[in-house]
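[1] let's see this in three dimensions:
(one chain, ligands or ions: 1)
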Amino acid sequence: MTEEGTATLTAAFTEAYRRAPEGVWHAPGRINVIGEHTDYNDGLVLPFALARGVSAAAARRDDGVLELRSLQAADAGVTVVLDGAGPETAGGWAERERWAAYPFGVAALLREHGVGGASVLFDSDLPQGAGLSSSAALECATALALCELYGLDGLAADRAGLARIAQRAENEYVGMPCGIMDQSASLLCTAGHALMLDCRTGLSAQVPLDLPGKDLALLVVNTRARHTLTDGGYGRRRAECERAAALLGVPALRDVKDLPAALDRLADPVLRRRVQHVVTENHRVEATAGLLRAGAETELGALLTASHLSLRDQYEISWPEADLTIDTALRAGARGGRMVGGGFGGSVIVLTATGRAERVRDAITAAYRERGLAEPEFVDAVPSPGARRLPAA
Ligand code: GAF
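    Below you'll find the model as predicted:
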């Protein structure tokens with residue numbers, strides 16, 4: 001968020017709550033380079049933080065009340081007495097107030113760490129439902145703001161621990177059985193790097209990601225086909241993976257070592273396809289991290305496209321605009337590309353030589369126009385810092 005954005009949010013908070021905020025915090029959205037639907041299979045992911053995200057102006061209240069408002073939902077603020085409130089509290093809210101379940105869940109879970117009431121005003125420059133992790137950004141901005149407001153410096157510094165609390169808020173208070181990738185990306189990423197995260201051990205490493213330095217551009221294309229991950233498709237995939245792991249007698253699909261033998265043991269073709277994706281995707285993450293560490297970014301394209309085909313054909317979560325974007329980009333000379341995030345709508349990434357980026361972008365826009373689709377939105381993909389307190393404007 002720019003200095004001007006911080007000043008605007010501070011002024012809006014002061015007008016809404018008739019007092020100044022004690023600070024403004026920002027948590028970014030993410031792009032996942034590769035490693036899709038591997039996080040809840042105890043696998044590997046490689047996301048980086050975007051410059052765009054969610055900002056939260058906040059101040060403590062001493063009456064145990066949490067008041068949540070958003071510049072994106074002017075008529076849908078929520079006021080809740082934290083004492084005695086639980087996941088069922090959010091269940092009673094109107095549809096337009098559901099966005100508040102994410103920050104409410106975080107605040108409710110932080111109560112046992114000593115967090116009390118607060119007034120919070122959010123602003124976001126991340127498109128919602130675009131697969132860029134606006135929900136995790138909302139959770140993580142809240143988590144960091146509340147920890148710092150209430151002097152929980154140890155917890156605020158334990159970014160991996162904070163990510164687990166934000167994930168639990170989404171699992172328990174929103175009912176979305178997400179993995180740990182998005183919250184980890186928002187809290188742990190650093191500028192100029194992707195985050196290689198082992199979702200089983202929680203161990204992570206920063207992998208330098210400088211594509212422009214290699215004459216490459218990564219286009220993030222919001223296909224404008226909106227996704228909702230709470231409508232069942234995501235949860236079904238997760239349940240299928242758990243069923244396959246149980247049938248194979250392993251703790252998680254991460255532990256499948258001999259893929260052909262595992263596939264032979266599964267009678268259900270759907271489960272075989274899911275296992276094929278998860279096992280091969282983990283290998284693609286390792287290969288991608290290896291290429292990045294070797295400075296061989298130009299070779300990434302084939303891995304990205306292989307990931308997309310696997311998500312389309314084995315995991316069956318791609319959507320027509322994503323396939324159109326990838327096909328068109330490849331025909332226009334891009335090096336590779338894939339859908340990102342949970343699937344069923346959202347965004348796509350395309351890797352191309354910088355010199356071809358404009359041609360690729362124009363070809364994608366023209367393909368959408370020809371089919372009468374709303375024009376796609378191109379989002380900047382600069383690996384940016386993770387969640388932080390913003391300097392006072
Ligand atoms: C969504 C989820 F929130 C993540 O945990 C992850 O599973 C992702 O879909 C797919 O890789 O963003």
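
[2] what's the span of stretch 369-385 from first residue to last?
    Stretch 369-385 has an end-to-end distance of 35 Å (C-alpha to C-alpha, to the nearest Å).

[3] next one: stretch 261-276
    11 Å.

[4] chain center to that stretch: distance?
    Taking C-alpha atoms, centre = their mean, to the nearest Å, one finds the center of stretch 261-276 at 28 Å from the center of the full chain.

[5] likewise stretch 155-168?
    Relative to its parent chain, stretch 155-168 has a centroid offset of 15 Å by C-alpha atoms, centre = their mean.

[6] equivalent analysis for stretch 235-244, please.
    Using C-alpha atoms, centre = their mean, the offset of stretch 235-244 from its chain centre is 20 Å.

[7] can that stretch be found next to the ligand?
    No: Stretch 235-244 does not reach the ligand (C-beta under 6 Å from any ligand atom); its nearest approach is 7.9 Å. C-beta coordinates here come from the backbone N, C-alpha and C atoms, glycine included.

[8] list the buried ones in that stretch?
    Neighbour counts over stretch 235-244 (16 or more other C-beta atoms under 10 Å) mark Arg237, Arg238, Glu240, Cys241, Ala244 as buried.

[9] tell me which of those is nearest to Cys189?
    Arg238 (23.8 Å; C-beta to C-beta).

[10] in what helix or strand does the closest one lie?
    If you go by DSSP states H and E, Arg238 is part of helix 233-248.

[11] tell me which helix or strand comes right after that helix.
    Moving toward the C-terminus from helix 233-248, the first helix or strand encountered (DSSP H and E) is helix 259-265.

[12] packing partners for that following helix?
    helix 233-248, helix 269-293 (3 or more C-beta pairs under 8 Å, 6 or more residues apart in numbering; DSSP states H and E).

[13] turn these into CSV, including distance to Ile317 and mean pLDDT.
    Output for these, formatted as CSV (distance: least, C-beta to C-beta, whole Å; pLDDT from 0 to 100):
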stretch, distance to Ile317, mean pLDDT
helix 233-248, 7, 97
helix 269-293, 9, 98
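
[14] point out the most buried one among those.
    helix 269-293 (a mean of 19; mean count of other C-beta atoms under 10 Å).

[15] report all helices and strands that that helix contacts.
    Looks like helix 269-293 contacts strand 44-45, strand 193-198, strand 204-208, helix 233-248, helix 259-265, helix 300-313 (3+ C-beta pairs under 8 Å, 6+ apart).

[16] gap between the two ends of stretch 243-252?
    Start and end residues of stretch 243-252 are separated by 10 Å (C-alpha to C-alpha).

[17] and it, how far out from the chain middle?
    The answer for stretch 243-252 is 26 Å, by C-alpha atoms, centre = their mean.

[18] distance to Trp319 for the helices and strands packed on helix 259-265 - can I get that in JSON lines?
    Output for these, formatted as JSON lines (distance: least, C-beta to C-beta, whole Å):
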{"stretch": "helix 233-248", "distance to Trp319": "11"}
{"stretch": "helix 269-293", "distance to Trp319": "16"}
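
[19] number of residues surrounding the residue in the stretch 251-393 of the chain that the ligand sits nearest to?
    With C-beta to the nearest ligand atom as the measure, Gly342 is the residue of the stretch 251-393 of the chain nearest to the ligand, at 3.4 Å. Other residues near Gly342 come to 22 when the count uses other C-beta atoms under 10 Å.

[20] kindly report the residues of the stretch 1-150 of the chain close to the ligand.
    With the criterion set to C-beta under 6 Å from any ligand atom, the stretch 1-150 of the chain comes near the ligand through Glu36, His37, Asp39, Tyr40.

[21] right, I'll call it a day here.
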